[in-house]
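**Student:** Curious how this folds, go ahead:
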Amino acid sequence: MGMQRTGSASLPLHGGRVPAWLAKRMAVLGRLIVEALIIEYGRPEVLRRLSHPFWFQSFGAVMGMDWHSSGITTSVMGALKRGLAPVADDLGLWVCGGRGRHSRKTPTELTELAERTGLDGDRLVRTSRLTAKVDSAAIQDGHQIYLHSFVVAADGSWCVVQQGMRPDAGTARRYHWLSEGLESFVDAPHAAIEQQSGRPGRDTIINLTDRRAKPSRKAQLDVIARGPDRALETLRRVTAPHLHMPHHHDVRHSDVFMRRLRGTLAAASDAGPRDFSDLLLTPGVGARTVEALALVAEVVHGTPARFDDPGRFSYAHGGKDGHPFPVPLKVYDRTISVLRRAIDSASLEHRERLDALKRLDRQARALEATVSGDGPTWSELVMRERTRSPRYGGMSVFGPAQPQRDRASRKASKASAKQRPRRAASGRQLELF
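**Tutor:** Okay, here's the model as predicted:
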């Protein structure tokens, strides 16, 4: 993918932190997925994927983050930095920077990396500063950059994922950059600008990097040269394909492309046991793990057009806030175990296990065209997973999953909750992931 703008996405702003039990698993799964991408497609494809906002959101969802959350940005990049650190030199892929004070350390980290590897540190540092400056000054959208992650490969290619926050509007906006095909830092350089919409009327962006704003950039230079009497050219609002993530926290039927999900589940049911005959020897691996692996396989092998419904990928490992269901830790751990064995085998030039993932993904896509629409609905699938959740070691930020009570008990519990006095709103500052 070149340096074209790929679109934007609106996401609701969430507070909170990623619990330790999920953070450590995200670091492991993120590393394994990146390793699989490098083995199959090379380092450039990792950078392309990270610079694609639809894929990035789906990547976070399959790792157990809330499917529509702004926190995916900080949690995914943090997980990759932790997970890749021990093997970064071997993979030739390094993650620098991060959130808050870590973002300010990016130039130092890049300089130290360049000294170890022979990369052009001055160029990388200049690039880091330019991308941050463009998105905080040339993109005038009221968002203050607070996260800056710089991913660099051994050949000097790079991508940047950074996010800005606008506290008064309760919104954040994510920006994606990719070095591939970059011709100018100030003339349409972004792979994507991903926004979170807030209150109506607050989404107008003054984008001085848009190609159509070239006359405006020239006018500003003229202002400096000729004085302040010359008017600034009118800037046009950017229009691009837009992924809108709704504010409702639960994953609904309308948020999921059911034919794709049914194709994935059918492939896991029909082809999984044959394709995974060796991998299934991992203790405890069964049908539910193969379903999760099928969605992980799509994240590795799927094409960009398949990631416009990120909610579908939450079916793999649920979500930390319990939507669509608590994170099934036993399934998550077995996914990691199977994927690790496949990666380890591939590194020894025995690719059969890793190739099984690719076949599973191909089978899922093939079955989409023929799978019956009479299967379980999204609501039925979610209810099934909620019922099984205690058995799978389900966990959310609220604690271990509890057995599902009958409808009468739930009604009584809701009635009791309504009668309890509400806790006063906290005055704590919003804490992002």
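
**Student:** Just the C-alpha atoms of stretch 104-123, please, in CSV.
**Tutor:** Extracted in CSV, the C-alpha atoms of stretch 104-123 (Å, rounded to 0.1, in the frame of the first residue of the first chain):
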residue,chain,number,x,y,z
ARG,A,104,9.2,12.1,24.2
LYS,A,105,11.9,9.4,24.4
THR,A,106,11.4,8.4,20.7
PRO,A,107,14.4,10.5,19.4
THR,A,108,16.7,8.9,22.0
GLU,A,109,15.5,5.4,21.3
LEU,A,110,15.9,5.9,17.6
THR,A,111,19.5,7.3,18.0
GLU,A,112,20.5,4.3,20.2
LEU,A,113,18.9,1.9,17.7
ALA,A,114,20.9,3.5,14.8
GLU,A,115,24.1,3.3,16.8
ARG,A,116,23.6,-0.5,17.2
THR,A,117,22.3,-1.2,13.7
GLY,A,118,24.0,1.3,11.4
LEU,A,119,20.7,2.9,10.4
ASP,A,120,20.6,6.6,9.6
GLY,A,121,19.7,7.9,13.1
ASP,A,122,19.5,11.6,12.1
ARG,A,123,17.1,10.8,9.3
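
**Student:** For it, list every residue counted as buried.
**Tutor:** Buried residues in stretch 104-123, defined by neighbour count with 16 or more other CB atoms under 10 Å: 106, 107, 109, 110, 113, 114, 119, 121. All C-beta atoms are positioned from the backbone trio N, CA, C, and that covers glycine.

**Student:** after the host helix or strand of the fourth one, next one along is what?
**Tutor:** Residue 110 belongs to helix 106-117 when elements are defined using DSSP states H and E. Next in sequence after helix 106-117, counting helices and strands by DSSP H and E, comes helix 121-133.

**Student:** ok, and what's touching that following helix?
**Tutor:** Residues outside helix 121-133 that contact it (CB atoms under 8 Å, 6 or more residues apart in numbering) are 96-97, 103, 106-107, 110-111, 113-115, 145, 148, 150, 152, 156, 158, 160, 162, 175, 177, 179, 185, 189.

**Student:** so for the helix or strand containing residue 29, what's the average pLDDT?
**Tutor:** Per DSSP H and E: residue 29 is located in helix 20-41. Per-region confidence: helix 20-41 scores 97 on mean pLDDT.

**Student:** got the buried residues for it?
**Tutor:** Buried residues in helix 20-41, counted by 16+ other CB under 10 Å: 22-23, 25-40.

**Student:** Same check on stretch 253-272?
**Tutor:** The neighbour-count check on stretch 253-272 (16+ other CB under 10 Å) flags 255-256, 258, 260-268, 271-272 as buried.

**Student:** Which member of those residues is positioned nearest residue 16?
**Tutor:** When these are ranked by distance to residue 16 (CB to CB), residue 255 comes first, at 21.0 Å.

**Student:** ok, the closest one touching residue 311?
**Tutor:** Yes. Using CB atoms under 8 Å, residue 255 is in contact with residue 311, at 3.9 Å.

**Student:** list the residues that contact both of these two?
**Tutor:** residue 67.

**Student:** Please parse the protein into its domains.
**Tutor:** Here the domain parsing of the chain from automatic domain parsing is 8-244, 253-399.

**Student:** What pLDDT does the model give residue 280?
**Tutor:** Looking at residue 280, its pLDDT reads 60.

**Student:** Begin at 41, not 1, for the rest of this chat.
**Tutor:** Understood, numbering begins at 41; the last thing we discussed is residue 320.

**Student:** Other residues contacting the helix holding residue 150?
**Tutor:** So helix 146-157 is contacted by 134, 136-137, 159-162, 164-165, 168-169, 188, 190, 192, 194 (CB under 8 Å, 6+ apart).

**Student:** try 7 Å
**Tutor:** Residues from elsewhere that reach helix 146-157, judged by CB atoms under 7 Å, 6 or more residues apart in numbering: 134, 136-137, 159-161, 164-165, 168, 188, 190, 192, 194.

**Student:** for stretch 350-361, same thing?
**Tutor:** Contacts to stretch 350-361, defined as CB under 7 Å, 6+ apart, come from residues 58-59, 62, 97-98, 101-107, 289, 291, 295-297, 300-301, 332, 335-336, 339, 364-368, 371-372, 421, 436-437.

**Student:** what mean pLDDT does it have?
**Tutor:** Model confidence over stretch 350-361 averages 94 on the pLDDT scale.

**Student:** All the strands of the chain, residue numbers only.
**Tutor:** 48-50, 133-139, 179-180, 184-193, 198-206, 211-218, 230-235, 246-247, 282-284, 367-368, 434-436, 439-440 (DSSP state E).
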